[in-house]
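Asks: next input, structure requested:
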Amino acid sequence: MRKLVARAVYTGNLYYQTLRHLRAEQFIHRALYRSRNPRPNLDSAPPLRALPGIWHEPPHRGPSFDGVEIFRFLNVEGALSKVGWDGDERSKLWRYNQHYFDDLNAHDAIKRISGHRDLIVRWIDENPPSRGIGWEPYPTSLRIVNWIKASLRGDLLNESGLHSLAIQARWLMQRLERHLLGNHLFVNAKALIFAGLYFEGSEANSWLQTGFDVLLRECDEQILSDGGQFELSPMYHALALEDILDLVNITSHAGIENFTTTQANQIIDWRKRVPTMLQWLVLMSHPDGRISFFNDAAYGVAPENEELYQYAHRLGFIAPGTSPRCGVNHLKDSGYIRLNKGPFDIIFDAAKVGPDYLPAHAHADTLSFEMSVRGERMIVNSGTSTYGSDAERLRQRGTAAHSTLELGSVDSSEVWGGFRVARRARVQAVQIKEDSKEIELIATHDGYARLSGRPIHTRNLRLLGQDVIVQDRVSGTGRHSICLRYHLHPECNATNVSDDVIKVTFGKSCSQISVTGPADLQISIEPSTWHPEFGQRVSNQMILIRHEASLPCEISTSFSVLPS
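Replies: Below you'll find the predicted structure:
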């Protein structure tokens, strides 16, 4: 009985600590969303709008459809004749991708035009309005944009396609995800702007105005002053950058005469945000030109960085330099810090888990870092390969899957339920010192203060020429188990030199890792997994440093680059 009571108390506290951060409007709109049962409007489509400007080719993703009937999403294939459009044969995220129609604008899409036309006809026939997962607001939004993009490229929709597109826009108007907010509501608004400019007339203008009205608030809310997207994931930032560039593209294509003064001012604001968003992406990417893995992040979801840079260039923006300036680049609004000195590029997480009311894509990765040496990744976080609420999703969100310190076998932030966070780690202080000889970064978080003895984790990084020294200090009282992990990129090979020294080779580089601290530290090389894409699991190694500590406790790890 006591166990049942304790479990109920624990579960109740999880819900309380999660729900107390939500906004009142989320509760209100969730109730409205669930209570409404709108009917699709099947009226004829409005006429098409004349668009006098130039449509610029958007960025391309990798192909996901063979042009006949085979889909490939999240590294999993499925034949449409076997898996259909709905059902448990595939995950919800796979089904979502199936209804996006990203392949209409993927690499070499022109070669699959005939297959795309057949697929659109089949989708219309087999997905009646309002029925099935494909009519949920998020996939509806992405599909509207993809159909319009393909049409603006010259692959015009037939009468049936235009009619369906109008039905989808009307349906979306009634199903805006105001209960979720965040990137879902943003793409809802973006889709309405696309549909409102593709068609003309009073109905289309109402879609257009609704999209602008939503983004009037959401742009200020979701795009931070330093350029970062507020969910603090490099992957979702890249998607947000694509969204803003798409909005610049479609509104430029439409011509200024189609907008009110207020709308025109919003378009100017979108354009002003692009340079800082581009620079944020550069700073949060490794020298290999690809994103780092903080919070939910993986390759293959957003367009590759270079695709986004080239898209921005086609729209008249200056493509950013892909090598950040040496020294310290502090993204103060986001909380991330980029350190460059000598052979080292370090991206450090001193950020919140995300917006308080929307931590759906947060990981318990506070004070973790990723590091490249001589342009090659060495220290990584483990990435994201799955959504949902299973044990693997929870493990990948947990502290142990990141290159940071875990205390008491608990996560620094209470991630649970797939997309929820209860108590959250808060970064309390950040200090940065820089001179000609070294860069020093000190940051502290209180995520473990809920444990007995109120432990506090402080991480100190020092970059000195050919060395990086990482000092982890846990203050407080009592006895706790400490696990300090450094996940290595799969191309790294670690071997023991001695009890407290490990040699890591990768590419043309070689690094020596030395650990100092209490006499009874346990240092080992352990197998682990890295997840660079959804549906991918790659074997790698992890440096694990364990200690049963009486607090306070201090452990120092040095990374030294050896001569090639």
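Asks: residue 331 against residue 338, yeah?
Replies: Yes - Residue 331 is within contact range of residue 338, at 7.5 Å (criterion: Cβ atoms under 8 Å). Bear in mind the C-beta positions are built from the backbone N, C-alpha and C, glycine included.
Asks: list the residues that contact both of the two?
Replies: Residues touching both residue 331 and residue 338 (Cβ atoms under 8 Å, 6 or more residues apart in numbering): 283-284.
Asks: distance from the chain centre to stretch 56-73, please.
Replies: Relative to its chain's centre, stretch 56-73 lies at 21 Å (Cα atoms, centre = their mean, to the nearest Å).
Asks: end-to-end on that stretch?
Replies: One end of stretch 56-73 to the other measures 26 Å (Cα to Cα, to the nearest Å).
Asks: what's in contact with that stretch?
Replies: With Cβ under 8 Å, 6+ apart as the test, stretch 56-73 has contacts from 77-81, 93-94, 97-98, 102-103, 105-109, 111-112, 114-116, 119, 149, 153, 242, 245-246, 249, 252-253, 300, 303-304, 307-308, 310-311, 314-315.
Asks: buried subset of these, written for ChimeraX?
Replies: Remark: buried members of the contacts of stretch 56-73, expressed as a ChimeraX selection using 16 or more other Cβ atoms under 10 Å:
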select :78,80,93,94,97,98,102,103,105,106,109,112,115,116,119,149,153,242,245,246,249,252,253,300,303,304,307,308,310,311,315
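Asks: out of the contacts of stretch 56-73, list just those in strands.
Replies: Among the contacts of stretch 56-73, DSSP state E puts 77-79 in strands.
Asks: residue 521: which of these is nearest?
Replies: Ranked by distance to residue 521 (Cβ to Cβ), these are led by residue 77 at 46.3 Å.
Asks: phi first, then psi, for the residue nearest to the closest one when sequence neighbours are not counted.
Replies: Ranked by Cβ to Cβ, 6 or more residues apart in numbering and with sequence neighbours excluded, the top spatial neighbour of residue 77 is residue 70, at 6.1 Å. Residue 70 adopts backbone torsions of phi -100, psi 120, taken as degrees, to the nearest 10.
Asks: could you measure residue 70 against residue 377, distance?
Replies: Separation of residue 70 from residue 377 (Cβ to Cβ, to the nearest Å): 32 Å.
Asks: which one's more surrounded, these two?
Replies: Using other Cβ atoms under 10 Å as the criterion, residue 70 and residue 377 rank with residue 377 on top: 24 against 14.
Asks: the domain parsing of this structure - what is it?
Replies: The chain breaks down into these domains under automatic domain parsing: 1-34, 49-314, 327-561.
Asks: could you dump those to TSV with distance to residue 321?
Replies: Below are the domains of the chain laid out as TSV (distance: least, Cβ to Cβ, whole Å):
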stretch	distance to residue 321
domain 1-34	38
domain 49-314	7
domain 327-561	12
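Asks: which stretch in the ones you listed is the model least sure about?
Replies: Mean pLDDT is lowest for domain 1-34 among these, at a mean of 86.
Asks: in that one, which residues are buried?
Replies: Residues 14, 17-18, 26, 29, 33 are the ones in domain 1-34 that count as buried (16+ other Cβ under 10 Å).
Asks: cool, stretch 221-228 as well?
Replies: Within stretch 221-228, the residues that qualify as buried by neighbour count (16+ other Cβ under 10 Å) are 221-224, 226-228.
Asks: wait, which of the residues you listed is closest to residue 292?
Replies: Nearest to residue 292 among the buried residues of stretch 221-228, with distances taken as Cβ to Cβ, is residue 228, at 12.5 Å.
Asks: so which elements touch the lengthiest helix in the chain?
Replies: For the chain, the helix that runs over the most residues, judged by DSSP state H, is helix 261-283. Other helices and strands packing on helix 261-283, by 3 or more Cβ pairs under 8 Å, 6 or more residues apart in numbering; DSSP states H and E, are helix 202-222, helix 234-254, helix 305-314.
Asks: make it 6 Å
Replies: Applying 3 or more Cβ pairs under 6 Å, 6 or more residues apart in numbering; DSSP states H and E, one finds that helix 261-283 contacts helix 234-254.
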